[in-house]
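A.B. asks: predicted model and sequence follow; I will ask about them next.
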Amino acid sequence: MKKDEFLRKLNTFIRNENFAKIDEIIKKFREENNLEMICTSSQAFINLYEYNEAIKILDAIKDEYSENGEFCIRYAMALYNSNKEDKSLEWFEKAKEKGIKEIDETSSKYYPKSIDEWIKRAKLWGPRRIEKNNFEKELREKRNKKLILEVNFDKNVLKGLWYNDEYSLKEYVGKTPIDEDFVKVEKELGYRLPESYKALMRIQNGGLLRKNTFEVPFQRDWSRDLVDVMSIYGVDSNKIYSLCGEFGNKLWIEEWKYPNIGIAICGTMTGGHDMIFLDYSDCGPEGEPCVVHIDQEGDYEIAYLADNFKEFVEGLFEYKEDEDD
């Protein structure tokens with residue numbers, strides 16, 4: 001079977017989520033010690049933007065096959081597109097040393113073919129990635145992870161927070177919750193809900209937001225400075241847009257493949273292509289989660305937003321475009 005035909009076959013398996021068949025094929029190549037075809041199979045995942053899966057395949061043969069130029073360029077592309085631009089540089093340079101001048105296949109028609117152009121990109125974005133990662137690491141290390149037990153929202157924070165049109169009331173806003181409602185949702189999700197979230201839900205149990213914008217803490221002229229926040233999910237499971245509703249946490253993690261770091265708490269204008277999460281990865285399921293933005297279109301890149309849910313809600317504001325804009 002020619003490589004092009006093989007990649008088309010793998011592409012079909014990936015689209016159909018037939019990962020058992022893919023594992024079977026790669027296992028067979030491993031038994032035959034056919035490192036070339038294992039390396040080639042990673043291209044199918046790169047073609048379909050499944051960069052982390054490509055990295056897993058390539059990591060498994062890195063010790064044995066890292067001197068191969070095709071390996072180097074595929075590894076570099078997978079790293080670069082999974083938000084590891086800083087780590088991709090050495091592999092782009094190594095691919096060039098191995099005689100690679102152009103990339104035959106890229107996952108986007110807008111990507112350059114020239115290896116020199118990719119090296120230039122990695123040199124530009126690698127240091128920026130390091131800066132962003134270090135900045136957000138410092139925020140995580142400094143934040144107070146102790147539970148916030150008594151929460152009151154200032155009236156100015158609550159004023160104009162919700163956008164209660166007919167659609168919001170029908171699909172989002174649930175009945176006023178009691179303690180048993182929170183306990184039931186916590187048991188299903190496997191996480192302790194922040195007291196600040198419970199306090200807000202007792203005022204209004206979910207809904208569309210009028211104050212629908214949050215300013216990210218990492219401010220650079222080359223980075224995104226605002227995220228939109230369309231809604232907050234409530235705890236009334238009868239509403240399709242709620243934590244345990246039809247379009248709730250389970251959907252985003254199991255079907256949309258968002259990282260299993262906590263709870264999808266807010267929807268955005270993209271219809272699921274980016275989400276706001278409560279992130280428990282540095283505090284455990286019983287701790288006080290921070291709030292993060294996850295970009296599904298950007299290989300699930302995580303951006304730190306706020307130390308806790310209360311701070312997040314207090315930072316929301318209504319975005320109004322300038323007439324000049």
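C.D. replies: Thanks, I have the structure now.
A.B. asks: who are the packing partners of the worst-scoring helix or strand of the chain on mean pLDDT?
C.D. replies: Within the chain, confidence by mean pLDDT, DSSP states H and E is lowest for helix 3-15 among all helices and strands, at a mean of 86. Packed against helix 3-15 by the contact rule (3 or more C-beta pairs under 8 Å, 6 or more residues apart in numbering; DSSP states H and E) you find helix 19-31, helix 35-47. C-betas here are computed from N, CA, C, even on glycine.
A.B. asks: please identify the deepest-packed of the ones you listed.
C.D. replies: Among those, helix 35-47 has the highest mean neighbour count (mean count of other C-beta atoms under 10 Å), at a mean of 21.
A.B. asks: immediately after that helix, which helix or strand?
C.D. replies: Sequence order places helix 51-59 as the next helix or strand after helix 35-47, per DSSP states H and E.
A.B. asks: pull the CA atoms of the helix or strand that that next one is followed by into CSV?
C.D. replies: Next helix or strand after helix 51-59 toward the C-terminus (DSSP H and E): helix 62-65. Listed in CSV are the C-alpha atoms of helix 62-65, where the atom choice follows Å, rounded to 0.1, in the frame of the first residue of the first chain:
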residue,chain,number,x,y,z
LYS,A,62,11.9,8.9,19.4
ASP,A,63,14.8,7.0,21.0
GLU,A,64,15.2,4.7,17.9
TYR,A,65,14.2,7.0,15.1
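A.B. asks: distance between helix 62-65 and the chain's centre?
C.D. replies: 29 Å (C-alpha atoms, centre = their mean, to the nearest Å).
A.B. asks: after it comes which helix or strand?
C.D. replies: As assigned by DSSP H and E, the chain's next helix or strand after helix 62-65 is helix 69-81.
A.B. asks: and the angle for that following helix with helix 35-47?
C.D. replies: If you take axes from the mean of the first three to the mean of the last three C-alpha atoms, to 10 degrees, helix 69-81 sits at 30 degrees to helix 35-47.
A.B. asks: which other helices and strands contact the next helix or strand along the chain from helix 69-81?
C.D. replies: Next along the chain after helix 69-81, taking DSSP H and E as the criterion, comes helix 85-97. Other helices and strands packing on helix 85-97, by 3+ C-beta pairs under 8 Å, 6+ apart, are helix 69-81, helix 115-142.
A.B. asks: pLDDT weak spots in this structure?
C.D. replies: Residue ranges of the chain with pLDDT under 70: 1, 106-108, 322-325.
A.B. asks: show me it divided up by domain.
C.D. replies: Per automatic domain parsing, the structural domains of the chain span 3-140, 148-314.
A.B. asks: got those as TSV, with distance to residue 321 columns?
C.D. replies: Output for the domains of the chain, formatted as TSV (distance: least, C-beta to C-beta, whole Å):
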stretch	distance to residue 321
domain 3-140	27
domain 148-314	11
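A.B. asks: which among those is found nearest to residue 320?
C.D. replies: domain 148-314 (9.3 Å; C-beta to C-beta).
A.B. asks: rewinding a little: deepest-packed of the helices and strands packed on helix 85-97, please.
C.D. replies: Burial of the helices and strands packed on helix 85-97 is given as mean neighbour count (mean count of other C-beta under 10 Å); helix 69-81 ranks first at a mean of 24.
A.B. asks: so what secondary structure elements neighbour it?
C.D. replies: In terms of contacts (3+ C-beta pairs under 8 Å, 6+ apart), helix 69-81 is packed against helix 35-47, helix 51-59, helix 62-65, helix 85-97, helix 115-142.
A.B. asks: in a markdown table, list these along with distance to residue 282.
C.D. replies: Compiled in a markdown table, those are given as follows (distance: least, C-beta to C-beta, whole Å):
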| stretch | distance to residue 282 |
| --- | --- |
| helix 35-47 | 29 |
| helix 51-59 | 20 |
| helix 62-65 | 29 |
| helix 85-97 | 22 |
| helix 115-142 | 5 |
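A.B. asks: out of the ones you listed, flag the one nearest residue 299.
C.D. replies: Between residue 299 and those, the shortest separation by C-beta to C-beta is 5.4 Å, and it involves helix 51-59.
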